[in-house]
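> no FASTA, just this:
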Ligand SMILES: O=P(O)(O)O[C@H]1O[C@H](CO)[C@@H](O)[C@H]1O
Ligand SMILES: O=c1cc[nH]c(=O)[nH]1
């Protein structure tokens, strides 16, 4: 048991999918995993372990934002020995080239969060990046599944509602989409020498106003889940 996860050692697989929404964790486990067993209900942040194509895989809700995912990533890696972490999250489109339901593989995660300066001190703008092996495998898995994907720099921002950000400048510099966790996931993966990738689905578009419903965000973004699971099996 850790501070926020009531699982026993060994209950959690060494590969974990991490949706922000705990109900998406339940949906993934019940829809895609064989023999899923719930190992965590603390704070209703559900965690399950089962098998997918014969591989033992867990899925753990992380809650929203960098502080929350940092708690789960730290405990999963340090206390449960997790080695490979896939965030499977929703994301707001920024580039005009992405649209609702598109799948994005995050190559890197820019941020306005203080987590970088809190880690490295003032003046150091460290760039958290995903694991190249996972990224490469996921890209080819998606091609095999005929699921179009965009690969690029995303933003992990501290605020969902943020009028002050100069989004156009970020778009001009190639940022594709925004969410709220990947910077911390990639930073912690680097710190602990484990592998991480974020596989995202565009749930809404910040420029065009396209959107989806909360139920669609919980239960219908299957392409990113298949890409993450098949990558987990191969990587
Ligand atoms: O759908 P999830 O995985 O929660 O991810 C996105 O959705 C939440 C905001 O609605 C934030 O957590 C953001 O990163
Ligand atoms: O953080 C997020 C996630 C989905 N959509 C957004 O606009 N922002």
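Nice, thanks for sending it over. Since this is a predicted model, take the numbers as computed values, not measurements. Ligands and ions are numbered 1, 2, ... in the order given.

> and the helices in this protein?
Secondary structure of the chain (DSSP state H): helices at 22-32, 66-80, 115-120, 132-145, 167-172, 182-192, 214-219, 222-234.

> which residue does the protein bring closest to ligand 1?
In the chain, no residue comes nearer to ligand 1 than residue 20, which is 2.1 Å away by Cβ to the nearest ligand atom. C-beta here means a position set from N, CA and C on the backbone, and glycine is covered the same way.

> wait, doesn't that residue sit right on residue 62?
Yes. Judged on Cβ atoms under 8 Å, residue 20 makes contact with residue 62 at a distance of 5.5 Å.

> in the chain, what helix or strand scores lowest on average pLDDT?
Ranked by mean pLDDT, DSSP states H and E, the weakest helix or strand in the chain is helix 214-219, scoring a mean of 80.

> what's the neighbour count on the residue lying closest to residue 234 once chain neighbours are set aside?
Nearest non-adjacent residue to residue 234, counting by Cβ to Cβ, 6 or more residues apart in numbering: residue 137, 5.3 Å away. Residue 137: 19 surrounding residues under other Cβ atoms under 10 Å.

> quick revisit: report the separation between the residue of the chain closest to ligand 1 and ligand 2.
Separation of residue 20 from ligand 2 (Cβ to the nearest ligand atom, to the nearest Å): 8 Å.

> dump the residue contacts of that residue.
Shown in contact with residue 20 (Cβ atoms under 8 Å, 6 or more residues apart in numbering): 61-64, 68-69, 87, 89-90, 180-181.

> is the least confident helix or strand of the chain positioned near ligand 2?
No. Using Cβ under 6 Å from any ligand atom, helix 214-219 never reaches ligand 2; the gap is at least 8.1 Å.

> for stretch 153-164, same thing?
Yes. Contact of stretch 153-164 with ligand 2 (Cβ under 6 Å from any ligand atom) involves residue 160.

> for the nearest residue to residue 15 once chain neighbours are set aside, name its beta-bridge partners.
Among residues not flanking residue 15 along the chain, residue 84 sits closest, at 4.3 Å (Cβ to Cβ, 6+ apart). Taking DSSP bridges as the rule, residue 84 bridges to residue 15, residue 195.
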